[in-house]
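Enquirer: turn this into a structure:
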Amino acid sequence: MASSSYTAQNIVVLEGLEPVRKRPGMYIGGTGIDGLHHLLWEIVDNSVDEAIAGYATSIKVRLHSSGETVSVTDNGRGIPVDTHTGTGKSALEVILTTLHSGGKFDETVYKTAGGLHGVGASVVNALSSSLIARVRRDGHEWQQEFSCGRPQGPVQTMGQARGTGTTIEFTPDPQIFSSTRFDSGKISRHLEVKSFLHRNLKILFSDEVEKRELVFCHEGGVRDFLLHHNTLRQDVRLAGFPEPFVVTKEDQVKVELALTWTESTDEALLTYVNGIATRDGGTHEQGLKDAIHKAVRNYLSVKELVPKGIEILAEDIREGLVTVLSLFMPNPQFQGQTKDRLNNPEARAAVESIVRPALEHYFHRNASVGDAVALRVIQAARARQASRAAAVQVRRKTPVAHRLNLPGKLADCSSTDPAETELFIVEGDSAGGSAKQGRDRNSQAILPLRGKVLNAEQAQLQKVLENRELTDIVSALGCGMGKDFDLDRMRYGKIILLMDADSDGNHIATLLLTFFYRHLRPLIASQLVYLACPPLYRIDAGKETLWAQDDGQKEQVLKRLPKNVIPQITRFKGLGEMMPRTLFETTLDPHRRRLIRVVIPDEHQAPTEKTMAELMGKDPEPRFRFIMERAYTAEDLDV
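Expert: Got it, this is the predicted structure:
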């Protein structure tokens, strides 16, 4: 029991970089793979800031052969090494050991910058088991070494050197991070984006893990970025919109924008502030949306193009829209150190005032382009209205009537609190029967499916709405689908796909995930979709019963058994063979089961879209090519 006394002796004061090591998540968002790479992004951003200020033209990032050490070198001015008046230490040591220190607070040094809080370099130092800073300036090379944020000695002169610049080499602390191995693919994608956003900036990536050298430099800037993104997504550009619309203007802020409309049914708005990705948008993104909405509505109104009975909504205008917006501004106010959202109120008006008149003028000067966009928007509005009329048949009407219009085969749970309820989508009536008997009736609902479901990637929306199995899922969830999706109407806190642990089960799970990806993607984005992991084998060894999910795990279990034990191995042909209690203990029990959460990281959005289109789409050629190229890797064939 905690002591009831609470005095001044209980107050802990963390000094220097201690707060960073004590609560790293406050500074880098977490200690997982994203937090690990955020260390590198902070150092790269400092070098990019030198480029924005006009003092650096190239950056080199080196991933060492261990995969756990990385260094960043630029040819900027070099971090000052002279004595800082206020502390009596070198400026280099102050910057790397003191929170909220650096040149970003002095607007005469950096007009615009991505590093604003003065904590990036010092946080990286605090969370690294080793950090070496090398500076070239004033005709000499200087070096200082650190460990866990503590200097291992003063700044030392290493000799004469030509040129200027800074190199930061660091190794993340394994006591802080769950893994300290960097992902070279993640790094290369991030660096290429930086090269798009900063035209003519040369970034070299020396990857000693994969033994490759990559050079990124794009003269086309955001226009090239937009075309690159379209290629990754395999977007079909809207007929009549041959070239991206591009605007670059600098006043109080600098705006660089490239946009186009595609035949895709979703939108993709990529926004950046001072080279930092704002994944959660912010005021600049809202200003962009305002500008696009008003410009398109102006063209529709002036040309009198909207048919009677058609209501144009903002989502109709943005359907198929792909944009890259890069904003450079002084003193941006980000939400947190990870800088995922911009909060400056003035950014909204600044972006709109630049983009809206330019886009309106572009439409009226290029009537064929304006007409093509207008037709695209009107078609989107018509499709939305038709979809709503069809989808109303499978929507849950109100929370009060939560048991009305539910599928007859759904075995619902007694609780109505989504925070504690789960829906298991189960393969087949036999497995559904076992699951219904073995479940926790208070919090677990069971929806059995009959046979393989429709491939939603190949089917038209009308076919999807006519498919009984898929409409039963939407009806059970209660959240609607497509443009009528409403997460607040969701009836369950988890959707768990429970399939047999064989190739047929994997196939059905893939088809269901395709449906969720294409028509219920917000559920994946909200991390509500899971895959259950039922065992494939039961191993009875004396009085002990063990479980294995695949052949590899079975072999591992058998190796651990004593030599004098003769195990009895049972392979389940399907979930329906399991006794209800066994199914609960191995797969349904929240305290003992294993679930796989379905997530799509930001950097995998475009590759996922490409994979889904190729492997689940109508064209058989990409699937044939995939099979021919990777058939040799297949280990679990059910023939």
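
Enquirer: can you give me the helices in the stretch 301-450 of the chain?
Expert: For the stretch 301-450 of the chain, the helices defined by DSSP state H, counting those that start in this stretch cover 314-318, 345-365, 367-391, 429-438.

Enquirer: reformat the ones you listed as JSON lines; add mean pLDDT and distance to residue 597.
Expert: (Each C-beta comes from the backbone N, C-alpha and C, glycine too.) Below are those laid out as JSON lines (pLDDT from 0 to 100; distance: least, CB to CB, whole Å):
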{"stretch": "helix 314-318", "mean pLDDT": "93", "distance to residue 597": "28"}
{"stretch": "helix 345-365", "mean pLDDT": "94", "distance to residue 597": "34"}
{"stretch": "helix 367-391", "mean pLDDT": "82", "distance to residue 597": "27"}
{"stretch": "helix 429-438", "mean pLDDT": "82", "distance to residue 597": "20"}
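
Enquirer: out of those helices, which one sits most buried?
Expert: Comparing those by mean neighbour count (mean count of other CB atoms under 10 Å), helix 429-438 ranks first with a mean of 20.

Enquirer: can I get that helix as CSV, trimmed to CA atoms?
Expert: The C-alpha coordinates for helix 429-438 follow below in CSV (Å, rounded to 0.1, in the frame of the first residue of the first chain):
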residue,chain,number,x,y,z
ASP,A,429,-22.0,-22.5,-39.5
SER,A,430,-20.2,-25.3,-37.8
ALA,A,431,-17.5,-23.1,-36.3
GLY,A,432,-20.1,-20.5,-35.6
GLY,A,433,-22.0,-23.0,-33.5
SER,A,434,-19.0,-23.8,-31.4
ALA,A,435,-18.1,-20.2,-31.0
LYS,A,436,-21.7,-19.3,-30.0
GLN,A,437,-21.6,-22.0,-27.3
GLY,A,438,-18.1,-21.1,-26.0
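
Enquirer: contacting residues for the closest residue to residue 608 other than its chain neighbours?
Expert: Leaving out its chain neighbours, the residue that sits closest to residue 608 by CB to CB, 6 or more residues apart in numbering is residue 600, at 5.2 Å. Residue 600 makes contacts with 524-525, 608, as judged by CB atoms under 8 Å, 6 or more residues apart in numbering.

Enquirer: buried residues in stretch 468-479?
Expert: Within stretch 468-479, the residues that count as buried by 16 or more other CB atoms under 10 Å are 469-479.

Enquirer: a markdown table for the helices of the stretch 301-450 of the chain, including distance to residue 237?
Expert: Listed next are these as a markdown table, based on distance: least, CB to CB, whole Å:
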| stretch | distance to residue 237 |
| --- | --- |
| helix 314-318 | 16 |
| helix 345-365 | 16 |
| helix 367-391 | 10 |
| helix 429-438 | 45 |
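
Enquirer: just the strands in the stretch 501-639 of the chain please.
Expert: For the stretch 501-639 of the chain, the strands defined by DSSP state E, counting those that start in this stretch occupy 529-532, 537-541, 544-548, 568-571, 595-597.

Enquirer: can I get those in JSON lines with mean neighbour count, mean pLDDT and distance to residue 417?
Expert: Output for the strands of the stretch 501-639 of the chain, formatted as JSON lines (neighbours: other CB atoms under 10 Å; pLDDT from 0 to 100; distance: least, CB to CB, whole Å):
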{"stretch": "strand 529-532", "mean neighbour count": "20", "mean pLDDT": "93", "distance to residue 417": "18"}
{"stretch": "strand 537-541", "mean neighbour count": "18", "mean pLDDT": "86", "distance to residue 417": "34"}
{"stretch": "strand 544-548", "mean neighbour count": "16", "mean pLDDT": "85", "distance to residue 417": "31"}
{"stretch": "strand 568-571", "mean neighbour count": "13", "mean pLDDT": "87", "distance to residue 417": "38"}
{"stretch": "strand 595-597", "mean neighbour count": "13", "mean pLDDT": "90", "distance to residue 417": "20"}
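
Enquirer: including distance to residue 272, could these go into CSV?
Expert: Output for the strands of the stretch 501-639 of the chain, formatted as CSV (distance: least, CB to CB, whole Å):
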stretch, distance to residue 272
strand 529-532, 29
strand 537-541, 50
strand 544-548, 48
strand 568-571, 53
strand 595-597, 29
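
Enquirer: between those strands, which gets nearest to residue 367?
Expert: For residue 367, the closest of the strands of the stretch 501-639 of the chain is strand 529-532, at 45.0 Å, according to CB to CB.

Enquirer: which secondary structure elements does that closest one sit against?
Expert: Helices and strands touching strand 529-532, by 3 or more CB pairs under 8 Å, 6 or more residues apart in numbering; DSSP states H and E, are strand 494-498, helix 503-519, strand 595-597.

Enquirer: out of these, the one nearest residue 557 is which?
Expert: Comparison of the helices and strands packed on strand 529-532 against residue 557 by CB to CB identifies strand 595-597 as nearest, at 20.1 Å.

Enquirer: who does the closest one pair up with?
Expert: Strand 595-597 has its sheet partners listed here by DSSP bridges as strand 529-532 (antiparallel).

Enquirer: list the contacts of the partner strand.
Expert: Contacts to strand 529-532, defined as CB under 8 Å, 6+ apart, come from residues 424, 494-499, 509, 513, 516, 523, 587, 593, 595-598.

Enquirer: repeat that for 6 Å
Expert: The contact list for strand 529-532, computed with CB atoms under 6 Å, 6 or more residues apart in numbering, reads 494-498, 516, 523, 587, 595-598.

Enquirer: okay, the residues you listed in a markdown table with distance to residue 175 next?
Expert: Formatted as a markdown table, the contacts of strand 529-532 follow (distance: CB to CB, whole Å):
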| residue | distance to residue 175 |
| --- | --- |
| 494 | 33 |
| 495 | 37 |
| 496 | 35 |
| 497 | 37 |
| 498 | 38 |
| 516 | 38 |
| 523 | 36 |
| 587 | 36 |
| 595 | 29 |
| 596 | 28 |
| 597 | 26 |
| 598 | 31 |
